[in-house]
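Peer 1: Structure, please.
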Amino acid sequence: AVRVFLLFFVFSGVVGLGAKRFFCWFMGLDHGRDRRRYPVLAFVLCLVMAYCAEEFFGVADITGAYVAGLVISCTPKATYIQSKFEPLSFLLLTPVFFASVGIQVEISGLTGSLGLFSVLLLLFSVFCNYLAGLFVSGRKSVLYAAVAVNLGILGIFKYLTFLVQTVDRLPGVTIPVPSIVLPVGISFFTFQGLSYVIDVYRNERLKSTHFQDVLLYIALFPQLVAGPIIRYEDVADEIHSRRNTLEQLAKGLRRFIVGLSKKLQIADICGNVVALIYNADRSVLDSRTAWLAAVCYLMQIYFDFSGYSDMAIGLGLCFGFHFKENFNYPYISASIQEFWRRWHISLSTWFREYLYIPLGGNRKGKAKTYWNKLIVFFCTGLWHGANWTFIVWGLWHGFFIVAENAVKKLFGLEKHGKGGRNPACAVLKHLYTLLVVLVGFVIFRADNMGQAFSMIGAMFSGGSASAQTDPVCTGGWPCGQYAGFAAGLP
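Peer 2: Okay, here's the model as predicted:
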């Protein structure tokens, strides 16, 4: 309690001394008459936000830092503060830093030495990519070395255990399985590090000679843990110069609230249904509950992921960064190819620019094009996690994209657009896309392929379970309230 009080006392003093315009605007106060109230109002605002954060997330210790950063970015001295202290302040605002110094952060259960190791690994990655950026122009050897270091870090900490477990299944092979804890945000900061080096290799103008600039880009906390993946060339100019206004701050906060609402009011509620059904005994699954789980997860993963992206984009706006949109109504797609132009846009763009095009894209014949796409979607699935379910999910989408391209070329459908002018054809294509995506997410959500096959089998078996064996009913939820619960209704 003393630690929290002192922390917020310091932050409230900083906010109160440096954010006059903000509190005049926020509280409707007269700039001259009420200026003595600024420190008190700042302290009260920090406490209110701390209470809300503790109530919903258990992260009161870091809320004051966020509030201070948001408000300082709108002060008249913001330009000076940004140029001198911003890279360090963003690292301090990163939750993993607070964990490293012993302040409890309940996000992902991160505490103590694990947090220190995560920060050290992050700094090591930033330093390696910074050095590579200094010497990569015109030198493929430096580029290859940087790619090897980044992928090596990702491979050791994210995939080594999975690889050993897979090899151990071979006859006569027994290798001790290493116990490796996954550092927070490693998939995102590794890909952003690769983006920096590759962008500098392609365009020397983007090279930064200042370590703090690269540190700011890779350790940018709004999207460090859950994305979206930001390409360096998209924010290079704003790292050095950007404009902060109260209107932009308000817009960012509104976008953050929208994302938070998606997460808490829709995704988490649907997630409760999904977890209840997926954790139920397979013998009691029937077609109704399996379809309920599939549809609820279809909603959960979209509102969860797009909600996090909205929060990151909103926080970025608060600090003057303009991150690109990451989702564009993916469930209205009429093909899997269109789906991936709308779903997780930052990831699909990253793989297109840094993997698909370097592999040759569609410039080396049909067979090579199809093979390149399968490689990309294999890597897309593997990037999401070290499990065969993710790999199969990626290949599932890759197969349908290849099949769509082959059918279009075979029947000459490219010139007819999305489905011609036939409404029935458009509806069928939309239903086909939703079905493929839905089945794919059943695989994605499963703990293993056995569970995935059981869920898919239950969905299409047409069987039914009694109210006594229904996993949702026995979990305390009346069968008649399935849809209402999934939608968050009473």
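
Peer 1: Could you use CA atoms for every contact and neighbour count after this?
Peer 2: Noted.

Peer 1: What is the burial count for residue 422?
Peer 2: The tally of other residues near residue 422 (other CA atoms under 10 Å) stands at 9.

Peer 1: again but with residue 239, I slipped
Peer 2: 20.

Peer 1: Chain neighbours aside, what residue packs nearest to it?
Peer 2: Spatial nearest neighbour of residue 239, chain neighbours left out: residue 213 (6.8 Å); criterion: CA to CA, 6 or more residues apart in numbering.

Peer 1: Point me to the helix or strand that includes the one you found.
Peer 2: Using DSSP states H and E, residue 213 maps to helix 211-218.

Peer 1: Going by neighbour count, list what's buried in that helix.
Peer 2: For helix 211-218, burial by neighbour count (16 or more other CA atoms under 10 Å) applies to 212-218.

Peer 1: Show the contacting residues for the nearest residue to residue 254 once chain neighbours are set aside.
Peer 2: In space, and not counting its chain neighbours, residue 254 is closest to residue 314: 7.2 Å by CA to CA, 6+ apart. Each residue near residue 314 by CA atoms under 8 Å, 6 or more residues apart in numbering is listed here: 251-256.

Peer 1: Can you flag which of these belong to helices?
Peer 2: The helices, defined by DSSP state H, take in 251-256 from the contacts of residue 314.

Peer 1: gap between the two ends of stretch 345-365?
Peer 2: End-to-end distance for stretch 345-365: 26 Å, by CA to CA, to the nearest Å.

Peer 1: from here on, count from 23
Peer 2: From this message on, residue numbering opens at 23, which makes the last subject stretch 367-387.

Peer 1: Could I get the average pLDDT for it?
Peer 2: Stretch 367-387 shows a mean pLDDT of 89.

Peer 1: Just give the nearest non-adjacent residue to residue 339, would you?
Peer 2: residue 274 (4.9 Å).

Peer 1: Hmm, residue 338 and that neighbour touching each other?
Peer 2: Yes - counting by CA atoms under 8 Å, residue 274 does reach residue 338; the two are 7.2 Å apart.

Peer 1: do you know how far the closest residue to residue 275 other than its chain neighbours is from residue 347?
Peer 2: Once flanking residues are discounted, residue 275 sits nearest to residue 336: 5.9 Å by CA to CA, 6+ apart. Applying CA to CA, the value for residue 336 to residue 347 is 11 Å.

Peer 1: which secondary structure element contains residue 447?
Peer 2: Going by DSSP H and E, residue 447 is in helix 445-467.

Peer 1: Tabulate the CA atom coordinates of that helix in PDB.
Peer 2: C-alpha atoms of helix 445-467 as PDB (Å, rounded to 0.1, in the frame of the first residue of the first chain):
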ATOM      1  CA  PRO A 445     -26.700 -12.700 -55.700                       C
ATOM      2  CA  ALA A 446     -27.100 -16.500 -55.100                       C
ATOM      3  CA  CYS A 447     -23.500 -17.100 -56.000                       C
ATOM      4  CA  ALA A 448     -22.300 -14.300 -53.800                       C
ATOM      5  CA  VAL A 449     -24.300 -15.700 -50.800                       C
ATOM      6  CA  LEU A 450     -22.800 -19.200 -51.400                       C
ATOM      7  CA  LYS A 451     -19.300 -17.800 -51.600                       C
ATOM      8  CA  HIS A 452     -19.900 -16.000 -48.300                       C
ATOM      9  CA  LEU A 453     -21.200 -19.100 -46.600                       C
ATOM     10  CA  TYR A 454     -18.300 -21.200 -48.000                       C
ATOM     11  CA  THR A 455     -15.800 -18.700 -46.600                       C
ATOM     12  CA  LEU A 456     -17.400 -18.600 -43.200                       C
ATOM     13  CA  LEU A 457     -17.500 -22.400 -43.000                       C
ATOM     14  CA  VAL A 458     -13.900 -22.700 -43.900                       C
ATOM     15  CA  VAL A 459     -12.900 -20.100 -41.400                       C
ATOM     16  CA  LEU A 460     -15.100 -21.500 -38.700                       C
ATOM     17  CA  VAL A 461     -13.700 -25.100 -39.000                       C
ATOM     18  CA  GLY A 462     -10.200 -23.600 -39.100                       C
ATOM     19  CA  PHE A 463     -10.700 -21.900 -35.800                       C
ATOM     20  CA  VAL A 464     -12.000 -25.100 -34.300                       C
ATOM     21  CA  ILE A 465      -8.600 -26.600 -35.100                       C
ATOM     22  CA  PHE A 466      -6.900 -23.400 -33.900                       C
ATOM     23  CA  ARG A 467      -8.600 -23.400 -30.500                       C
END
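
Peer 1: Lovely, talk soon.
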